[in-house]
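Here you go, sequence then predicted model.
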Amino acid sequence: MIQITVIQIDNYGPWTVTPNPRRESDLQALQSRLYGDLNLQFGAHRGLVFYTRFDNLIAVTNGIDLDTHRRIQESIKNRYPFTVSMGIASAETPYEAQKLATEKIQEHGSAQDKYRKEVLDVANDFTLEEGYVQLAHIDVNNVTKTLTDLESAYDTYLHINEIQLILIKELKRYGALVFFIGGDNFMCPCNGMSEEDFIAIFQDIRDKTGVQLKAGIGIGKTAEDASNMADIGLELIRKGKIEGQVCTLNYENYNIRRKFNTLCPI
């Protein structure tokens, strides 16, 4: 089981134009700050947040309890000009978990309902110990030489977005999610998927587009553990220490342990 938290800014659209439309640069900076802030706060408890549409964010929160969610929610209220609502759910696949979490928020009213504030609701049992997180860190082969150093910045950006859209559609069939994390990299919560699933998807994409992909898959009790394993697996492929397109590492079986240090008091 994977635990997903959907985070939604309350009544954000109307706030951005009340009493008059606010400066776009200020709004962009505010959204980016919220994303970074939430990643630090959930990351302090080994979670991981993805920005999706900035006013709606999705976090992998295995091991994070209701009280911690509440304290993060209160911290946002104290330091931002708006509040956020959170829906929490666990399921066998990330897609199903985010769907259930979203529905818990929607049950309390519209995203633009001025009376709906700071919802904190849970769809089912918390996944504190018994669940696991599986994340795939995917990147595109040779983007620097084939795109970044040859094409315009915008054309490269367009190409990466096209790849992301293909991945989103393909992985959704497996109940997985795909998020862009910078450069030519994507992070995919993918509980239940196998190496063979990814190899088949990558081969299909290569046949249709010529794009070659590789992935490190990490498995752990928390998003931090799983993402660390995924990063290491991908680096092993990049350095040629692992043959093939996919490398899976399980945190429980990995022989490197490091002390966990938090940068955030929440």
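Arrived safely, thanks for sending.

Just read off the phi/psi values of residue 20.
Dihedral pair for residue 20: phi -140, psi 160, per degrees, to the nearest 10.

residues in contact with the helix or strand of the chain with the lowest mean pLDDT?
Scoring the helices and strands of the chain by mean pLDDT, DSSP states H and E places helix 143 at the bottom, with a mean of 91. Helix 143 is contacted from outside by 156, 160, 183-184, using CB atoms under 8 Å, 6 or more residues apart in numbering. For every residue, glycine as well, the C-beta is placed using N, CA and C.

Just the buried ones from these?
The neighbour count (16 or more other CB atoms under 10 Å) marks 156, 160, 184 as buried among these.

Run through the bridge partners of the residue positioned nearest the centre of the chain.
Taking CA atoms, centre = their mean, the centroid of the chain lies closest to residue 50, which sits 3.5 Å from it. Taking DSSP bridges as the rule, residue 50 bridges to residue 58.

what's the spacing between it and residue 135?
According to CB to CB, to the nearest Å, residue 50 stands 11 Å off from residue 135.

what do those two both touch?
Both residue 50 and residue 135 are in contact with residue 187, where contact means CB under 8 Å, 6+ apart.

How far off centre is the strand or helix carrying residue 3?
Here residue 3 sits within strand 2-9, counting by DSSP states H and E. The chain centre lies 10 Å from the centre of strand 2-9; the measure is CA atoms, centre = their mean, to the nearest Å.

quick one: strands adjacent to that strand?
According to DSSP bridges, strand 2-9 forms sheet pairs with strand 56-60 (antiparallel), strand 84-91 (antiparallel).

rewinding a little: restricted to strands, list the buried ones among the contacts of helix 143.
Among those, no member falls in strands (DSSP state E).
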